[in-house]
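Trainee: Fold the following for me, if possible:
(one chain, ligands or ions: 3)
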Amino acid sequence: MADARIIDGKAFAAGLRARVADGVAALKASHGVTPGLAVVLVGEDPASQVYVRSKERALVDLGMNSFDHHEPADMAESDLLALIDRLNADPAVHGILVQLPLPRHIDSQKVLGRIVPEKDADGFHIVNAGLLATGQPGAIVPCTPLGSLLLIRDTLGRDLKGKRALVLGRSNIVGKPMAQLLLQADCTVTMAHSRTADLPGECRRADILVAAVGRPEMVRGDWIKPGATVIDVGINRVPAAEPGKTRLVGDVAFDEAVKVAGAITPVPGGVGPMTIACLMLNTLAAACRAAGAPVPEEAAALGNAQGNAQLNAQGMAR
Ligand SMILES: NC(=O)C1=CN([C@@H]2O[C@H](COP(=O)(O)OP(=O)(O)OC[C@H]3O[C@@H](n4cnc5c(N)ncnc54)[C@H](OP(=O)(O)O)[C@@H]3O)[C@@H](O)[C@H]2O)C=CC1
Ligand SMILES: Nc1nc(=O)c2c([nH]1)NC[C@@H]1CN(c3ccc(C(=O)N[C@@H](CCC(=O)O)C(=O)O)cc3)C=[N+]21
Ligand SMILES: [Mg+2]
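Mentor: Ligands and ions are numbered 1, 2, ... in the order given. Now for the predicted structure:
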């Protein structure tokens, strides 16, 4: 069998960012509003600093405002909550992102719960999780699952009904919302995790396999159904051949999987860039809602069972 099609997340994300930039310009022209995202980073974790910088760069590139709050690792939880309160009240701030993980002395759930749901650009607030799970309109959908779904639809088309989907990983930020989106797209969804019996066998039944475990190259080629669509969410830094250097690998053994799958995302250049682009999309959508302007279809319809895993053909998703 021929090798899998490599799903170019980097290129798709560039196209999505361009559509978001158009939406930003339109909102400025129609309502005089510039979308703004506040990015809160607590501590000096080098990987988090890299991610935060790429988010801030993307915001400015698309004509949005970036409000950076880089705080010391020993910041008191009460001070972080007070910062969130100020950002909640600031009309120039349409979205708030608190970079995870937070230092251990801070209760992440408490902090995420303090963000007003309308400004929860990550879609991590329980109100947004609940709106998504119950298929109601207006949910802000977490960026990584949203970006993954856009890549799946770009690969397989919009009609995913009846497909068997396996989501490996059940975190609140990736696995669970991913499963909700696939369910609303009429897939038959299985969720697998560390207590799943016969993981390779479960994976082999899947037409769509989404891996979000954080275990480098755990999913082997012979776990994959021939022709399946494989979305590798994992971002794992491992030692490179050259001493002292590191490289990024996913949760899927790419070199094996590419020989079996029908289509597969690479790491890097797959889901990662989509996460950033969807964060920009969610921020634009939040600003549109705050201004009373129409929300881009790509952000509005996906969480909504009534409609709509089907997006408007004229919408932003291609
Ligand atoms: N590309 C992107 O933009 C993003 C990438 N990521 C990456 O995605 C990966 C997952 O992230 P996240 O969801 O936050 O991770 P978590 O650590 O929160 O969750 C991992 C999940 O994988 C399951 N798991 C762990 N080990 C095994 C195993 N041996 N067999 C089966 N299941 C297992 C866990 O099961 P259990 O619940 O039973 O413990 C858990 O449900 C990471 O590599 C992360 O870096 C994350 C966010 C964004
Ligand atoms: N509140 C919050 N929201 C998040 O969305 C969030 C977070 N905290 N904490 C950390 C994880 C991780 N994450 C990534 C985003 C982009 C890439 C990305 O762009 N990756 C590039 C490679 C980057 C590199 O080379 O290091 C790629 O895959 O091509 C990766 C990982 C968002 N996260
Ligand atoms: Mg995310």
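Trainee: now do the same end-to-end measure for stretch 176-195.
Mentor: Taking CA to CA, to the nearest Å, stretch 176-195 runs 16 Å from one end to the other.
Trainee: That stretch close to ligand 3?
Mentor: No - Stretch 176-195 lies out of reach of ligand 3 by CB under 5 Å from the ion, never closer than 8.9 Å. All C-beta atoms are positioned from the backbone trio N, CA, C, and that covers glycine.
Trainee: gap between that stretch and the chain center?
Mentor: Offset of stretch 176-195 from its chain centre (CA atoms, centre = their mean, to the nearest Å): 15 Å.
Trainee: quick one: it near ligand 2?
Mentor: No - shown here: stretch 176-195 not in contact with ligand 2 (CB under 6 Å from any ligand atom), separated by at least 11.7 Å.
Trainee: Identify the residues contacting that stretch?
Mentor: 123, 129, 132-133, 135, 141-142, 144-146, 148-149, 160-170, 175, 199, 202-203, 205-206, 208, 210, 212, 233, 302-305, 309 (CB atoms under 8 Å, 6 or more residues apart in numbering).
Trainee: For ChimeraX, what selects the buried ones among these?
Mentor: In ChimeraX, this line selects whichever of the contacts of stretch 176-195 come out buried by 16 or more other CB atoms under 10 Å:
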select :123,129,132,133,135,141,142,144,145,146,148,149,160,163,164,165,166,167,168,169,170,175,199,202,203,206,208,210,212,233,302,303,304,305,309
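Trainee: Contacting ligand 3 as well, which ones from the contacts of stretch 176-195?
Mentor: The subset of the contacts of stretch 176-195 within reach of ligand 3, by CB under 5 Å from the ion, is Pro142, Thr144.
Trainee: Can you give me the end-to-end span of stretch 199-216?
Mentor: End-to-end distance (CA to CA), stretch 199-216: 16 Å.
Trainee: How about it and ligand 1, touching?
Mentor: Yes - contact of stretch 199-216 with ligand 1 (CB under 6 Å from any ligand atom) involves Leu199, Ala212, Val213, Gly214, Arg215.
Trainee: Reformat these as a markdown table; add pLDDT and secondary structure.
Mentor: Listed next are those as a markdown table, based on pLDDT from 0 to 100; DSSP: H, G, I helix; E, B strand; the rest coil:
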| residue | pLDDT | secondary structure |
| --- | --- | --- |
| Leu199 | 98 | helix |
| Ala212 | 98 | coil |
| Val213 | 98 | coil |
| Gly214 | 98 | coil |
| Arg215 | 98 | coil |
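Trainee: Just grab the bridge partners of Leu209 for me.
Mentor: Leu209 forms beta bridges with Leu166, Val230, as assigned by DSSP bridges.
Trainee: these two touch, right, it and Val233?
Mentor: No - counting by CB atoms under 8 Å, Leu209 stays clear of Val233, with 10.7 Å between them.
Trainee: for the record, mean pLDDT for stretch 264-272?
Mentor: Average pLDDT, stretch 264-272: 98.
Trainee: Stretch 8-26 too?
Mentor: 97.
Trainee: Show residues contacting it.
Mentor: For stretch 8-26, the external contacting residues (CB under 8 Å, 6+ apart) are 34-35, 58, 61-64, 147, 150-151, 154, 265-266, 268-274, 276-278, 280-281, 284, 288, 296, 298, 316, 318.
Trainee: Now go through the residues you listed and say which are in helices.
Mentor: Applying DSSP state H to the contacts of stretch 8-26, the entries found in helices are 58, 61, 147, 150-151, 154, 271-274, 276-278, 280-281, 284, 288, 298.
Trainee: out of the residues you listed, which are buried?
Mentor: Members of these classed as buried by 16+ other CB under 10 Å are 58, 147, 150-151, 154, 271-274, 276-278, 280-281, 284, 288, 298.
Trainee: element containing Asp159, please.
Mentor: Assigned by DSSP states H and E, Asp159 falls within no helix or strand.
Trainee: Next, give phi and psi for it.
Mentor: phi -90, psi 100 (degrees, to the nearest 10).
Trainee: all strands of the stretch 151-300 of the chain, in order?
Mentor: For the stretch 151-300 of the chain, the strands defined by DSSP state E, counting those that start in this stretch cover 164-168, 188-192, 208-211, 229-232, 236-239, 246-249, 263-264.
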